[in-house]
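Enquirer: everything below, folded, please.
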Amino acid sequence: MWTIIAAVVALVVAIVLIKAANQPDIFTMARSAVMKAPADKIFPYLNDPRKNQEWSPFDKKDWPIERTFTGAAEGVGAVYDFVGNGKEIGTGRITITESVPSSKVVMSLDMTKPMAASNVVTYTLTPKDGTTEVTWAMEGRTPFVGKIFHVFMNMEKMMGTAFETGLADLKAIVER
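Expert: You can find the predicted model right below:
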């Protein structure tokens, strides 16, 4: 009896490890929303980490969040360190590494908890017929432990839903 149980457990573990090994080494995801506002009205909300609190779903979760802002007030060199209570957000640092006025903001997102990870977040603003399409994208390496996690959780859906919520909140602010 114990031999059968051990064999079944070993088979399940093997299946999970094989599925994890077949996950991509790099993840990418993006969501977009069209906003009835010019890019220069939207850009400050992306280029200034202090403004995240007004629209980012990640700044609305996991209260209390300890925030520290250093470096430049906005644009390249602006740094936002955060420590969540550990239930949803974790601990990390966001640093703006590229800023093209009314067009693009690129950030380095370095998480230390609950799991170490370094990702690149890019906001792109594309004017279209009196509106602006805002794309929020993220990409990064997926370590093997992360691949195991992805076997059980659909990160694309989970993070995608958060991005959609944030874009909807940003849209509501800039269209006022």
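
Enquirer: would you mind giving the secondary structure of A6?
Expert: Judged by DSSP: H, G, I helix; E, B strand; the rest coil, the three-state class of A6 is helix.

Enquirer: ok, now which ones touch the residue nearest to R31 when sequence neighbours are not counted?
Expert: Nearest residue to R31 in three dimensions, chain neighbours excluded: F163, at 4.0 Å (CB to CB, 6 or more residues apart in numbering). In this view, the C-beta of every residue, glycine as well, is placed from N, C-alpha and C. Taking CB atoms under 8 Å, 6 or more residues apart in numbering, we find F163 in contact with M29, A30, R31, W136, M138.

Enquirer: so which of those wins on neighbours?
Expert: W136 (23 neighbours; other CB atoms under 10 Å).

Enquirer: could you give me the buried positions within the one helix or strand that one maps to?
Expert: When elements are assigned from DSSP states H and E, W136 belongs to strand 131-141. Residues of strand 131-141 classed as buried by neighbour count (16 or more other CB atoms under 10 Å): T131, T132, V134, T135, W136, A137, M138, G140.

Enquirer: of all those residues, which two lie farthest apart?
Expert: The largest separation in the buried residues of strand 131-141, counting by CB to CB, is between T131 and G140 at 29.7 Å.

Enquirer: isn't there a helix covering the residue nearest to R31?
Expert: Yes. Under three-state DSSP, F163 sits within a helix.

Enquirer: and the strands in this structure?
Expert: 26-35, 66-71, 78-83, 91-100, 104-113, 117-128, 131-141 (DSSP state E).

Enquirer: now, which of the buried residues of strand 131-141 sits nearest T91?
Expert: Among those, and counting by CB to CB, the member closest to T91 is G140, at 16.5 Å.

Enquirer: what sits against that closest one?
Expert: Counted by CB under 8 Å, 6+ apart, G140 has contacts I26, F27, L109, A117, S118, N119, V120.

Enquirer: and the first one, how many neighbours?
Expert: Per other CB under 10 Å, the neighbour tally for I26 reads 8.

Enquirer: with only the CA atoms kept, save stretch 25-34 in PDB.
Expert: Extracted C-alpha coordinates of stretch 25-34, given in PDB (Å, rounded to 0.1, in the frame of the first residue of the first chain):
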ATOM      1  CA  ASP A  25      12.400  31.300 -19.200                       C
ATOM      2  CA  ILE A  26      11.200  34.800 -19.800                       C
ATOM      3  CA  PHE A  27       7.600  36.100 -19.200                       C
ATOM      4  CA  THR A  28       6.000  39.000 -20.900                       C
ATOM      5  CA  MET A  29       2.600  40.500 -20.500                       C
ATOM      6  CA  ALA A  30       0.800  43.700 -21.400                       C
ATOM      7  CA  ARG A  31      -2.500  45.400 -21.200                       C
ATOM      8  CA  SER A  32      -3.700  48.500 -23.000                       C
ATOM      9  CA  ALA A  33      -6.500  51.000 -22.600                       C
ATOM     10  CA  VAL A  34      -7.600  53.900 -24.800                       C
END
